[in-house]
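>>> What would the 3D arrangement of this be:
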Amino acid sequence: MSIRIFYDVEGVRLNGWLKLVKIIRQKVNERQYKVGDLNFIITGDSEIRSLNVKYLEHDYFTDVITFNYNEGNRVGGEIYISIDTVAINAEDYGVSVQDELKRVIIHGVLHLLGMNDITEEERKQMRTEEDKWLLLTRI
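Alright, predicted model coming up:
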(Lines give C-alpha, C1' and ligand atoms only; values in the text may rest on other atoms or scores of the structure.)
Protein backbone atom coordinates (compact mmCIF):
# COMPACT_ATOMS: atom_id res chain seq x y z
CA MET A 1 0.00 0.00 0.00
CA SER A 2 1.26 3.45 -0.74
CA ILE A 3 1.23 7.07 0.33
CA ARG A 4 1.62 9.42 -2.64
CA ILE A 5 1.52 13.14 -3.27
CA PHE A 6 0.45 14.71 -6.55
CA TYR A 7 0.86 18.33 -7.55
CA ASP A 8 -1.86 19.89 -9.69
CA VAL A 9 -0.18 23.30 -9.47
CA GLU A 10 3.24 24.49 -10.54
CA GLY A 11 5.91 25.86 -8.24
CA VAL A 12 4.77 24.00 -5.13
CA ARG A 13 6.65 21.18 -3.44
CA LEU A 14 6.41 19.96 0.14
CA ASN A 15 9.71 19.89 2.01
CA GLY A 16 10.21 16.86 4.25
CA TRP A 17 7.71 14.62 2.43
CA LEU A 18 9.50 11.35 3.24
CA LYS A 19 9.68 12.22 6.94
CA LEU A 20 5.98 13.09 6.96
CA VAL A 21 5.16 9.75 5.29
CA LYS A 22 7.11 7.96 8.03
CA ILE A 23 5.18 9.87 10.73
CA ILE A 24 1.84 9.08 9.07
CA ARG A 25 2.68 5.37 8.94
CA GLN A 26 3.84 5.40 12.57
CA LYS A 27 0.77 7.22 13.86
CA VAL A 28 -1.67 5.09 11.84
CA ASN A 29 -0.01 1.93 13.18
CA GLU A 30 -0.13 3.24 16.77
CA ARG A 31 -3.92 3.39 16.44
CA GLN A 32 -4.03 -0.27 15.38
CA TYR A 33 -4.72 0.55 11.73
CA LYS A 34 -2.76 -0.24 8.60
CA VAL A 35 -1.94 2.20 5.83
CA GLY A 36 -3.82 1.57 2.61
CA ASP A 37 -3.60 3.78 -0.44
CA LEU A 38 -3.41 7.42 0.58
CA ASN A 39 -3.27 10.02 -2.16
CA PHE A 40 -2.69 13.69 -1.45
CA ILE A 41 -3.53 16.05 -4.29
CA ILE A 42 -2.22 19.59 -4.00
CA THR A 43 -4.43 21.80 -6.14
CA GLY A 44 -5.91 25.30 -6.23
CA ASP A 45 -9.03 27.06 -5.01
CA SER A 46 -11.07 26.55 -8.19
CA GLU A 47 -10.64 22.76 -8.09
CA ILE A 48 -11.41 22.58 -4.37
CA ARG A 49 -14.52 24.68 -4.78
CA SER A 50 -15.69 22.48 -7.67
CA LEU A 51 -15.21 19.35 -5.55
CA ASN A 52 -16.92 21.00 -2.60
CA VAL A 53 -19.97 21.88 -4.72
CA LYS A 54 -20.12 18.56 -6.57
CA TYR A 55 -19.64 16.14 -3.69
CA LEU A 56 -20.52 18.05 -0.52
CA GLU A 57 -22.98 20.63 -1.86
CA HIS A 58 -20.97 23.43 -0.21
CA ASP A 59 -20.43 26.46 -2.43
CA TYR A 60 -17.27 27.87 -0.88
CA PHE A 61 -13.49 27.49 -0.75
CA THR A 62 -11.82 25.29 1.85
CA ASP A 63 -8.29 24.18 2.57
CA VAL A 64 -8.85 20.42 2.55
CA ILE A 65 -11.42 17.86 1.45
CA THR A 66 -11.03 14.24 2.50
CA PHE A 67 -12.60 11.32 0.66
CA ASN A 68 -12.64 8.26 2.90
CA TYR A 69 -11.93 4.90 1.24
CA ASN A 70 -11.17 2.99 4.45
CA GLU A 71 -11.73 -0.76 4.34
CA GLY A 72 -11.82 -2.54 7.68
CA ASN A 73 -8.73 -1.50 9.58
CA ARG A 74 -6.96 -0.26 6.42
CA VAL A 75 -6.84 3.54 6.15
CA GLY A 76 -7.14 4.88 2.63
CA GLY A 77 -8.45 7.88 0.82
CA GLU A 78 -7.92 10.90 -1.34
CA ILE A 79 -7.12 14.18 0.32
CA TYR A 80 -7.41 17.31 -1.83
CA ILE A 81 -5.65 20.40 -0.57
CA SER A 82 -5.95 23.95 -1.89
CA ILE A 83 -2.52 25.54 -1.78
CA ASP A 84 -4.22 28.92 -2.33
CA THR A 85 -6.25 28.64 0.89
CA VAL A 86 -3.31 27.06 2.72
CA ALA A 87 -1.17 30.10 1.83
CA ILE A 88 -3.86 32.53 3.05
CA ASN A 89 -4.29 30.56 6.28
CA ALA A 90 -0.53 30.41 6.83
CA GLU A 91 -0.36 34.19 6.63
CA ASP A 92 -3.38 34.60 8.92
CA TYR A 93 -1.90 32.21 11.51
CA GLY A 94 1.66 33.55 11.21
CA VAL A 95 3.17 30.22 10.15
CA SER A 96 5.04 29.07 7.07
CA VAL A 97 3.17 27.69 4.08
CA GLN A 98 5.18 24.48 4.51
CA ASP A 99 3.98 24.02 8.10
CA GLU A 100 0.39 24.83 7.21
CA LEU A 101 0.53 22.38 4.31
CA LYS A 102 1.80 19.66 6.64
CA ARG A 103 -0.97 20.53 9.12
CA VAL A 104 -3.74 20.07 6.55
CA ILE A 105 -2.20 16.80 5.33
CA ILE A 106 -2.23 15.57 8.93
CA HIS A 107 -5.76 16.96 9.36
CA GLY A 108 -6.98 14.86 6.43
CA VAL A 109 -5.39 11.71 7.83
CA LEU A 110 -6.95 12.37 11.24
CA HIS A 111 -10.36 12.53 9.55
CA LEU A 112 -9.65 9.10 8.04
CA LEU A 113 -8.80 7.88 11.54
CA GLY A 114 -12.24 8.93 12.73
CA MET A 115 -11.62 12.37 14.20
CA ASN A 116 -14.11 15.14 13.48
CA ASP A 117 -14.02 18.90 13.84
CA ILE A 118 -17.67 19.87 13.97
CA THR A 119 -17.92 21.03 17.59
CA GLU A 120 -15.55 23.35 19.44
CA GLU A 121 -14.37 20.44 21.61
CA GLU A 122 -13.67 18.29 18.54
CA ARG A 123 -11.75 21.18 16.94
CA LYS A 124 -9.60 21.50 20.08
CA GLN A 125 -8.88 17.75 20.10
CA MET A 126 -8.04 17.83 16.38
CA ARG A 127 -5.71 20.81 16.83
CA THR A 128 -3.95 19.13 19.76
CA GLU A 129 -3.36 15.98 17.73
CA GLU A 130 -2.19 17.98 14.70
CA ASP A 131 0.30 19.80 16.94
CA LYS A 132 1.69 16.49 18.24
CA TRP A 133 2.24 15.18 14.71
CA LEU A 134 3.70 18.49 13.50
CA LEU A 135 6.18 18.48 16.35
CA LEU A 136 7.52 15.16 15.09
CA THR A 137 8.26 16.76 11.69
CA ARG A 138 10.67 19.15 13.42
CA ILE A 139 12.65 16.53 15.37
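
>>> neighbours of residue 1, just the number please.
11 (other C-beta atoms under 10 Å). The C-beta positions use only the backbone N, C-alpha and C, and glycine is treated the same way.

>>> Contacts for stretch 93-104 next, please.
Here stretch 93-104 makes contact (C-beta atoms under 8 Å, 6 or more residues apart in numbering) with 14-16, 20, 42, 63-64, 81, 83, 86-87, 89-90, 130, 134, 137.

>>> actually stretch 64-76, not the one I typed
The list of residues contacting stretch 64-76 from outside it, by C-beta under 8 Å, 6+ apart, reads 1, 28, 32-38, 48, 51-52, 55-56, 77-82, 104, 107-109, 111-113.

>>> Kindly recompute the last result at 6 Å.
For stretch 64-76, contacts defined as C-beta atoms under 6 Å, 6 or more residues apart in numbering pick out 28, 33-37, 51, 77-81, 104, 107-108, 111-112.

>>> I'd like to know which of those residues are buried.
The neighbour count (16 or more other C-beta atoms under 10 Å) marks 28, 33, 35-36, 51, 77-81, 104, 107-108, 111-112 as buried among these.

>>> A helix includes residue 36, no?
No: looking at residue 36 with DSSP: H, G, I helix; E, B strand; the rest coil, it is strand, so not inside a helix.

>>> quick revisit: cross the contacts of stretch 64-76 against strands and list the overlap.
34, 35, 36, 37, 77, 78, 79, 80, 81 (DSSP state E).

>>> Columns pLDDT and distance to residue 123 on top of these, output as TSV?
Formatted as TSV, the ones in strands among the contacts of stretch 64-76 follow (pLDDT from 0 to 100; distance: C-beta to C-beta, whole Å):
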residue	pLDDT	distance to residue 123
34	97	27
35	97	25
36	97	26
37	98	28
77	98	20
78	98	23
79	98	18
80	98	20
81	98	18
